[in-house]
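**Student:** Here is my input, please return the structure:
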Amino acid sequence: MADVGKTMAQAMHLALSFNNYEKLLKPPRNYNLADWLYEQLLESISVFEESIPDDMQTGGRFVSFQDIVFSIDDISYVNPNIIVFYGTLPDGSSVKLLQHTSQLNILLYLNKLLPNGNQINLRLIQKLLQK
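**Tutor:** Reported below is the predicted structural model:
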């Protein structure tokens, strides 16, 4: 019986060592990739949306597109360097903006909620990313 307990302890030690070994082999985070910027955008918009009324949503104005404003419905990314914004123009038409990470400048503002629009629940998205 003592041998079984000793073998179990050795197996557990080996399993724990293997898990630590996997962590050591994992490459360090590359903060130059779009996925990191995407996470920062989600966090920034989430903080911005914390206290907005139910009839408002986050809108965006991009420095390179000064006359175009739209509600931000969703955000995604394509590594290594593209952030994708999905949104709706004031006239109701859909837009999709592909933005290089090195050229990203966005002005967040509150926008009236469109009849078919909804606020981005970025706090929920962030929680899902952390799991």
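**Student:** tell me the mean pLDDT for the longest strand seen in the chain?
**Tutor:** Using DSSP state E, we find that the single longest strand of the chain is strand 65-78. For strand 65-78, mean pLDDT is 83.
**Student:** Show me what counts as buried in it.
**Tutor:** V69, F70, S71, I72, D73, I75, Y77 (16 or more other Cβ atoms under 10 Å). Every C-beta, even on glycine, is put in place using the N, C-alpha and C of the backbone.
**Student:** Contact partners for the first one?
**Tutor:** Looking back up the chat, that one is V69. Under the criterion of Cβ atoms under 8 Å, 6 or more residues apart in numbering, the neighbours of V69 are G59, G60, R61, L89, P90, Y109, N111.
**Student:** how about a cut-off of 6 Å?
**Tutor:** Going by Cβ atoms under 6 Å, 6 or more residues apart in numbering, V69 touches G59, R61.
**Student:** Show me the strands in this protein, by range?
**Tutor:** With DSSP E, the ranges of strands along the chain come out as 56-62, 65-78, 82-88, 94-100, 106-112.
**Student:** Ok, which of these comes nearest K26?
**Tutor:** Proximity to K26 (Cβ to Cβ) singles out strand 65-78 among the strands of the chain, at 20.3 Å.
**Student:** Run me through the strand neighbours of that closest one, direction for each.
**Tutor:** Sheet pairing of strand 65-78 (DSSP bridges) gives strand 56-62 (antiparallel), strand 82-88 (antiparallel).
**Student:** can I get the ones you listed in CSV with distance to V95?
**Tutor:** Listed next are the strands paired with strand 65-78 as CSV, based on distance: least, Cβ to Cβ, whole Å:
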stretch, distance to V95
strand 56-62, 10
strand 82-88, 5
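**Student:** Alright, that wraps it up for me.
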